[in-house]
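[1] Model the following, please.
(2 chains)
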Amino acid sequence: MAENITSQKQDFAQWYQDVIREAELADSSPVRGCMVIRPYGYAIWERIQDSLDARFKATGHENAYFPMFIPQSFIQKEAEHVEGFAPELAIVTHGGGKQLEEPLVVRPTSETIINHMFSKWIGSYRDLPMLLNQWANVVRWEMRPRAFLRTTEFLWQEGHTAHATEAEARAETMRMLGVYRDFAHENAAIPVIPGRKTDREKFAGAVETYSIEAMMGNGWALQSGTSHYLGTNFAKAFNTRYLDENNEQQFVHQSSWGVSTRLVGAVIMVHGDDSGLRLPPDLAPVQVVLVPIHKTDSEREQVMSAACRIRDELAGAGVRVRLDDRTTVSPGFKFNHWEVRGVPLRFELGPRDLASRVVTGSARNRPGRDAKFTIGFDSLLAETTAKLRTIQDELLDEARSRQDSMTWEAATYDEFKARFESESGFCQVWWNGSSEDEERLQQETKATIRCIPLDQEPGEGPCFMTGGKAVHRAIVARAY
RNA sequence: CGGGGCGUGGCGCAGUCCGGUAGCGCACCUGCUUUGGGAGCAGGGGGUCGCCGGUUCAAAUCCGGCCGCCCCGACCA
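    Coordinates of the predicted model:
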């Protein structure tokens, strides 16, 4: 059916690129590693932004904007931070036709500039907590770009908060990880595993890094959001202090957290199928597409008049509905056009439907002619809303079943290696290894420790690599 | 930066070995017939063959140099 899309089974990476091209989500740019986000792809990102921004506001955060140019010396103030980011910085050396006195770093993230400002704005415990977020672009010079998943410039949001105590900052770190988990489950229909990162995978400059990890259709993991407890690392580097109730200077405790346009890649790879994209209704720019069908002029007149009424009724109730009234392409073409783009619901309206006062519907996640259904004009809005809800739930269920069926356990490293050679997915193991053990794991198998899940039964067992006593399990997987 | 592959209308490719007026599919334009799962027929427009140099009567094709892109590895939200 989808003649221009390689099947997932044949070549998942090629399938991913084909879907992005056919659904017109993005295009390559003249600059290697950069990506043009096309209107339909950007519309999905706008839906993600809307959902998250509302959640941030609801948890008391305010949006602000900090500059993209950062004095190079700022990056160098936090030892671990500079070491982590130095290899991937873009640096501006000239401006206004002259060499700059101090080179400017194009932000790879904004901890430094924000702390510079926080140190001016925060004076007393009464100024805390400070809860800010910004929507911005960032640049990290990447060796191996992949559309949406890893591009040199990408769009994201970064939350930055300052608190009086460690407990408050840690609570904020976990609260925002929870916001990401809720967004993933409720809006993106993507099951995720919230967990703690190992030292090796930790953000450069953080005390602790947490993430939500999602499983893609090929069993690989995608880090889909991160939340860091920064401790006082940046506060010390930038002297971000406040006067407490006892008139004593204290460093603020901080968190930062972010998700990026990578989420668009996650939506593609979690829900997509061989016919293209499948969008969860919450994130779909178009939730319902209405395709009119007619032969004669008089049929066309009647069908279009009814179609407009239906569109207005649904749109009036907040449904994102699109009437595809193009006369230059056939209905069959339109079916495929919107299918590739993942529109959750399609309604056909032709003379036969009009005569019996129904639309013929088709859900994107239940393909085939046999799965078509009809909805009477009188119950259109109620049934449309219910169908969208059902599709949203079914996509989450489907993704969850796949994740469950592709999650397995290994007691020893040998057992893991033997099975991982032919089987992807998430492997649960007991873990107390070192960074060196992790290094070896990656060298030998390409898999990494994705996270130590927060939600796990207390217990202990022998570490699958070292054999030593481990008190928690970790998820091992190949990651993007 | 190491290994592999590729540069030919907008996209995907053939042609290169063996030099002789640049082709195919899709897309695009016009007309007629069509329209409930990517319509058919007829006609039409569009290419300095990645760049520079060399060999030759003649180069997409042979020779030399350069550039770019993709895939695999080291880095990563």
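[2] do you know how far residue A:20 is from residue A:38?
    Taking Cβ to Cβ, to the nearest Å as the criterion, residue A:20 is separated from residue A:38 by 9 Å. Where C-beta positions appear, they are placed from N, C-alpha and C, glycine not excepted.
[3] Report the set of residues contacting both of these two.
    Shared contacts of residue A:20 and residue A:38 (Cβ atoms under 8 Å, 6 or more residues apart in numbering): residue A:26.
[4] Compare those two (neighbour count), which wins?
    Neighbour totals were compared for residue A:20 and residue A:38, and residue A:20 leads with 24 against 15 (other Cβ atoms under 10 Å).
[5] Who are the contact partners of the more buried one?
    Residue A:20 touches A:26, A:41, A:147-148, A:268, counting by Cβ under 8 Å, 6+ apart.
[6] touching RNA strand B at all, the host helix or strand of it?
    Assessed by DSSP states H and E, residue A:20 sits inside helix A:12-22. Yes. Shown here: helix A:12-22 in contact with RNA strand B (Cβ under 7 Å from any atom of the strand) through A:13, A:17, A:22.
[7] after that helix, next one along is what?
    Downstream of helix A:12-22 (by DSSP H and E), the next one is strand A:26-28.
[8] would you put the C-alpha positions of stretch A:256-272 in PDB?
    The C-alpha coordinates for stretch A:256-272 follow below in PDB (Å, rounded to 0.1, in the frame of the first residue of the first chain):
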ATOM      1  CA  SER A 256      17.200  21.800  35.400                       C
ATOM      2  CA  TRP A 257      15.100  19.700  33.100                       C
ATOM      3  CA  GLY A 258      14.400  19.500  29.400                       C
ATOM      4  CA  VAL A 259      12.700  17.800  26.500                       C
ATOM      5  CA  SER A 260      13.400  18.400  22.800                       C
ATOM      6  CA  THR A 261      12.200  18.000  19.300                       C
ATOM      7  CA  ARG A 262      13.600  14.500  19.700                       C
ATOM      8  CA  LEU A 263      10.100  13.700  21.100                       C
ATOM      9  CA  VAL A 264       8.800  14.000  17.500                       C
ATOM     10  CA  GLY A 265      11.200  11.200  16.600                       C
ATOM     11  CA  ALA A 266       9.900   9.200  19.500                       C
ATOM     12  CA  VAL A 267       6.300   9.600  18.300                       C
ATOM     13  CA  ILE A 268       7.300   8.400  14.800                       C
ATOM     14  CA  MET A 269       9.200   5.400  16.000                       C
ATOM     15  CA  VAL A 270       6.800   4.300  18.800                       C
ATOM     16  CA  HIS A 271       3.500   4.500  16.900                       C
ATOM     17  CA  GLY A 272       4.400   4.500  13.100                       C
END
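[9] coming back round to it: now render the residues of helix A:12-22 next to RNA strand B as JSON lines, adding pLDDT.
    Below are the residues of helix A:12-22 next to RNA strand B laid out as JSON lines (pLDDT from 0 to 100):
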{"residue": "A:13", "pLDDT": "83"}
{"residue": "A:17", "pLDDT": "84"}
{"residue": "A:22", "pLDDT": "86"}
